[in-house]
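>>> sharing a model prediction with you, sequence too.
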Amino acid sequence: MSISLADLYRQNSDLEAFCQEVRKLGGNFELDARQMEALGQAYFEVHPEKFVQRNLDEVRLGYQLARCCLLEKALAGLPPAVKDFFRQAFDQPECIAGLLDDYRRSENLPLLVSSFNCLQASLDELKAAIDELPKGMIKERFLGGISTLYNTRYLLSIFISRLGSNGLQN
Amino acid sequence: MPDKTKILVIDDDPAICVSVKAILEASGYEVFTALSGKEGLDLFHQVDPDIVLCDMMMEDIDAGAKVAGVIKKEQPDLPVFLLSTIGDATARTIGLDDLGFNGVFQKPVNFDLLLSVIEKHRKKP
């Protein structure tokens, strides 16, 4: 039985260490609404929410935490080279055009496009799970986390469509 | 050629700012970003934007409303849109007009819709 993300976070409350552990799981973890809520509770045990003079660094950790888990889950099952490309693209959306140029020179572009379609479907499933969460700060962090992923997905779709059919044949 | 339409994006999540900026720049806009309401108001006075997109919960839970209030007092006609996770039902009940917003876009933002709204405010040649 795989470890829950909430337990993993309690063992690794440093964000970078936690995200490294999550990446090692290769998407082999549950991330339904119940698991999101448990992870959110573990996060708020370390970083309690305030409503005035909020500590924005702590708030941002919550978004990063959610984003890391959501992205790794969405990437589950994709080929390693594609995963690496998407990790970079979601980490640096402002560099997508260059990353895509580099990728198409050395890797299989149609595979990237078909993987992107799978990724989009996975993100939609995760968004549906977030919608099941009760209204509150845990839901807010996950919505913040997936919003960035949706934004970058939109940007990727623009640049991939600009490649056109000629680009996909190269 | 007219100057590019300037958009100020205010959100406490740097990843949101970077990704929204990248999308808007790819659509031909000049974009400035701020990571808090206070920083947003400072930048507002520096860059004189044509449109403002602002989150609600930042350093305070109602920081976005405070920003919109100040902007509307100084420039009542400037379009200010809320980008938020508050949900449609809440958005309908909190009186966005009274808070100074011209409209709300729920996160994750529908960019086809947002860009069509922004396009209406683009500087004309």
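Thanks, I have the structure now.

>>> got the residues of chain B near chain A?
Contact residues, chain B versus chain A (Cβ under 8 Å from any Cβ of the partner chain): B:12-16, B:18-23, B:26, B:35-36, B:57-61, B:85, B:87, B:107-109, B:111. C-beta: built from backbone N, CA, C; applies to glycine.

>>> buried members of those residues into ChimeraX, please.
Restricted to buried positions by 16 or more other Cβ atoms under 10 Å in any protein chain shown, the ChimeraX selection for the residues of chain B next to chain A reads:
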select /B:12,13,15,16,18,19,20,21,22,23,26,35,36,57,58,59,60,85,87,107,108,109,111
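
>>> just checking, which of the residues of chain B next to chain A belong to strands?
Nothing among the residues of chain B next to chain A maps onto strands, per DSSP state E.

>>> so which of the residues of chain B next to chain A are in helices?
B:14, B:15, B:16, B:18, B:19, B:20, B:21, B:22, B:23, B:26, B:111 (DSSP state H).

>>> can you redo those residues as CSV with pLDDT?
Output for these, formatted as CSV (pLDDT from 0 to 100):
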residue, pLDDT
B:14, 94
B:15, 94
B:16, 95
B:18, 96
B:19, 96
B:20, 97
B:21, 97
B:22, 95
B:23, 96
B:26, 92
B:111, 96
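
>>> mind giving me the packing neighbours of the longest helix anywhere in chain A?
Taking DSSP H as the criterion, chain A has its longest helix at helix A:137-169. Packing partners of helix A:137-169 (3 or more Cβ pairs under 8 Å, 6 or more residues apart in numbering or on different chains; DSSP states H and E): helix A:33-46, helix A:56-75, helix A:80-91, helix A:96-106, helix A:109-132, helix B:14-26.

>>> pull out the buried residues from that helix.
Buried residues in helix A:137-169 (16+ other Cβ under 10 Å): A:137-156, A:158-160, A:163.

>>> same deal with stretch A:17-27?
Buried, per 16+ other Cβ under 10 Å, within stretch A:17-27: A:18, A:19, A:21, A:22, A:25, A:27.

>>> which parts of chain A sit against chain B?
So chain A meets chain B at A:51-54, A:56, A:59-60, A:63-64, A:67, A:93-94, A:96, A:127, A:135, A:139-140, A:143-144, A:146-152, A:154-155, A:158-159 (Cβ under 8 Å from any Cβ).

>>> now for the spatially closest residue to residue A:133 that is not a sequence neighbour: which residues touch it?
Of all residues not flanking residue A:133 in the chain, residue A:139 sits nearest, at 4.1 Å (Cβ to Cβ, 6 or more residues apart in numbering or on different chains). Applying Cβ atoms under 8 Å, 6 or more residues apart in numbering or on different chains, we find residue A:139 in contact with A:130, A:133, B:85.

>>> including distance to residue A:82 and pLDDT, could the residues you listed go into JSON lines?
Formatted as JSON lines, these follow (distance: Cβ to Cβ, whole Å; pLDDT from 0 to 100):
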{"residue": "A:130", "distance to residue A:82": "24", "pLDDT": "97"}
{"residue": "A:133", "distance to residue A:82": "29", "pLDDT": "96"}
{"residue": "B:85", "distance to residue A:82": "30", "pLDDT": "86"}
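
>>> just give me the residue right at the centre of chain A.
residue A:71 (2.1 Å; Cα atoms, centre = their mean).

>>> what about the closest residue to that residue other than its chain neighbours, neighbour count?
Of all residues not flanking residue A:71 in the chain, residue A:90 sits nearest, at 5.6 Å (Cβ to Cβ, 6+ apart). Look at residue A:90: counted by other Cβ atoms under 10 Å in any protein chain shown, it has 25 neighbours.

>>> equivalent analysis for the one 4 residues further on, please.
The local packing count at residue A:94 equals 14, with neighbours defined by other Cβ under 10 Å.

>>> try the one 4 residues further on
By the other Cβ under 10 Å criterion, the neighbourhood of residue A:98 contains 10 residues.

>>> any idea how far it lies from residue B:113?
28 Å (Cβ to Cβ, to the nearest Å).

>>> check residue A:67 too.
23 Å.

>>> looking at these two, which is more packed in?
residue A:67 (24 against 10).

>>> and that one, what does it touch?
Applying Cβ under 8 Å, 6+ apart, the residues contacting residue A:67 are A:90, A:145, A:146, A:148, A:149, B:15.

>>> can you check residue B:18 too?
Neighbour list for residue B:18: A:93, A:94, B:33 [criterion: Cβ under 8 Å, 6+ apart].
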